[in-house]
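Asks: only geometry, no sequence info:
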């Protein structure tokens, strides 16, 4: 990777057609020679929208250093075909696998897969699943480590809305029962069905033990400079490292962009991510 001179970049939309449906993706490509490839997998529901402008800015910064970036809208999200209620975790995994293969063929490079929040959980499963494509590394932004915990946090958004609107109150267990019975419930403006809820609830980053064979760049947001990562993250990183994993960690004091209704600048996140990728690239050279 060229770590000195920034290049100009171009945005190029593309539609991929895996598994009989059309997926929209935005390519951010460098002018001149390409030195690597990055596939982006987004977080879930509204977190995807809140992160989008930051993701595009980060992809431009990567492309300025020679990386061909592909920002994927999985089935039922963004500009891709389908509705979110019809999406399945396994289908998103197939979409990610197809996009990784397409990007490798397009660029000639094994891609880095960059996942944000639940996108990191999907990236981890992609890297360790049967028939996984060859990958350069994984890049995690604030990875969700426990899908069940994430699901419960998601359901609490509905409970909070019920309290605000003075409507009948439910518990997370009651909501889970309704989902398991086949009902669709609305959470923060998005429909959530039982199949997706069950898939989220059964995913844990610690189950993907083969991650120790994949190089990982791990970026987490903290509230103040120098603060340690959250304990669950530290424990998992230690476990993977002891198993032979190569994990480079960077904590960044900046806004938690996936939580904010109004966009907030987070240049520290972009800079730290780029420096981490450049350092890993240099170490591998």
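Replies: Everything's here; your move. Not measured: the values here are computed from a predicted model.
Asks: any idea how far residue 100 is from residue 107?
Replies: 11 Å (CB to CB, to the nearest Å). From N, CA and C alone the C-beta is placed, and that goes for glycine too.
Asks: neighbour-wise, which of these two wins?
Replies: residue 100 (26 against 19; other CB atoms under 10 Å).
Asks: now do the contacts for that one.
Replies: By CB atoms under 8 Å, 6 or more residues apart in numbering, the contact list for residue 100 reads 39, 111, 113, 126, 133, 135.
Asks: pass me the low-pLDDT residue ranges in this protein, would you?
Replies: 1-6, 161, 163-167, 282-285 (pLDDT under 70).
Asks: please enumerate the strands of it.
Replies: 9-16, 23-30, 36-41, 67-72, 112-116, 137-141, 185-187, 190-192, 216-222, 247-253 (DSSP state E).
Asks: need the winner for burial among the ones you listed.
Replies: Counting by mean count of other CB atoms under 10 Å, strand 112-116 has the highest mean neighbour count of the strands of the chain, with a mean of 28.
Asks: packing partners of it?
Replies: With contacts taken as 3 or more CB pairs under 8 Å, 6 or more residues apart in numbering; DSSP states H and E, strand 112-116 sits against strand 36-41, helix 46-63, helix 118-128, strand 137-141.
Asks: same list, these, but as a markdown table with distance to residue 148 please.
Replies: Putting the helices and strands packed on strand 112-116 into a markdown table (distance: least, CB to CB, whole Å) gives the following:
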| stretch | distance to residue 148 |
| --- | --- |
| strand 36-41 | 20 |
| helix 46-63 | 17 |
| helix 118-128 | 11 |
| strand 137-141 | 19 |
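Asks: make CSV out of the strands of the chain and add distance to residue 57.
Replies: Listed next are those as CSV, based on distance: least, CB to CB, whole Å:
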stretch, distance to residue 57
strand 9-16, 11
strand 23-30, 10
strand 36-41, 12
strand 67-72, 11
strand 112-116, 13
strand 137-141, 13
strand 185-187, 28
strand 190-192, 24
strand 216-222, 15
strand 247-253, 15
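Asks: which of these sits closest to residue 160?
Replies: Nearest to residue 160 among the strands of the chain is strand 185-187; the distance by CB to CB comes to 10.4 Å.
Asks: what residues does the closest one touch?
Replies: 45, 154-155, 157-158, 175, 178-179, 191-192.
Asks: show me the domain layout of this protein.
Replies: By the assignment in automatic domain parsing, the chain contains the domains 9-145+208-284, 147-203.
Asks: perfect, that will be all.
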